[in-house]
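Undergrad: This is a predicted model, with the sequence first.
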Amino acid sequence: MDRQLPVRRFRLRVSLFLMGSMKTSLELVWCNNMAKRKIFIICLSVLLMVFLYYFPIQRALAIMKFSDYSMEQGVSSSDIQQKKVFKDYIQDGYYISVTYISDPYHRYDYHYYLLEWRKDHIRLNSMYLDIYDSANNRLDSFDNVVYKPLSQYD
């Protein structure tokens, strides 16, 4: 005798009351079908790995590269007045904006790229430095700055 097992369903309903009588409900239905469950778990794990790579891991790599770069520049960590780390969604990298106590009239913008596509080659784990004055003009000559960009990274 061919016996079919009943399909177990788990239903979650979340209701939010917005603007009086307007009701929004979210239903998640979890079926006992193994193929659907495996596809769901695979998709969820791929999304989780992409999320972990795209934000925390790449941010940690950018901060480590910044510490290496600033150590080669001769910067001490006690000289940093303010440091802000931002995700650069347009160029797919990280942007670290730093002002130093010894050089308060300049803003140092470090750009980190995990993969950088050039015409002739691909660079991995690269960092560039742009320096701006107090009027937000990018400097081309680095005579008046305390920490100069490293030429091996550019």
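TA: Arrived safely, thanks for sending. Numbering: from 1, shown residues only.
Undergrad: And the host helix or strand of Ala60, what's buried?
TA: Assigned by DSSP states H and E, Ala60 belongs to helix 58-73. Within helix 58-73, the residues that count as buried by 16 or more other CB atoms under 10 Å are 58-59, 62, 65-66, 69-70. Using the backbone N, CA and C atoms, a C-beta is placed for each residue, glycine as well.
Undergrad: same question, stretch 78-89
TA: Within stretch 78-89, the residues that qualify as buried are Lys83, counting by 16+ other CB under 10 Å.
Undergrad: Show me the contact partners of that stretch.
TA: With CB atoms under 8 Å, 6 or more residues apart in numbering as the test, stretch 78-89 has contacts from 55, 59, 62-63, 94-102, 104, 111.
Undergrad: Sort out which of those are in helices and list them.
TA: Those of the contacts of stretch 78-89 mapping onto helices are 59, 62-63, per DSSP state H.
Undergrad: could you check the angle helix 58-73 makes with the helix or strand where Leu47 lies?
TA: Using DSSP H and E, Leu47 falls within helix 34-52. Calculated by axes from the mean of the first three to the mean of the last three CA atoms, to 10 degrees, helix 34-52 forms an angle of 20 degrees with helix 58-73.
Undergrad: what's the average pLDDT for helix 34-52?
TA: Average pLDDT, helix 34-52: 84.
Undergrad: From the chain's centroid, how far away is that helix?
TA: Centroid displacement of helix 34-52 relative to its chain, using CA atoms, centre = their mean, to the nearest Å, is 21 Å.
Undergrad: Which parts of the protein are strands?
TA: Here the chain has its strands, by DSSP state E, at 10-18, 22-30, 80-88, 93-100, 106-117, 122-133.
Undergrad: how near is the spatially most central residue of the chain to Ser151?
TA: With the centre of the chain defined as its mean C-alpha position, the nearest residue by CA atoms, centre = their mean is Phe55, 3.6 Å away. As judged by CB to CB, to the nearest Å, Phe55 and Ser151 stand 31 Å apart.
Undergrad: Kindly report the same for Ala62.
TA: Distance of Ala62 to Ser151, given as CB to CB: 21 Å.
Undergrad: related to what we said a few turns ago, kindly supply the ChimeraX command isolating those of the contacts of stretch 78-89 that are buried.
TA: Selecting only the buried entries of the contacts of stretch 78-89 in ChimeraX, with 16+ other CB under 10 Å as the criterion:
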select :59,62,94,95,96,98,100,111
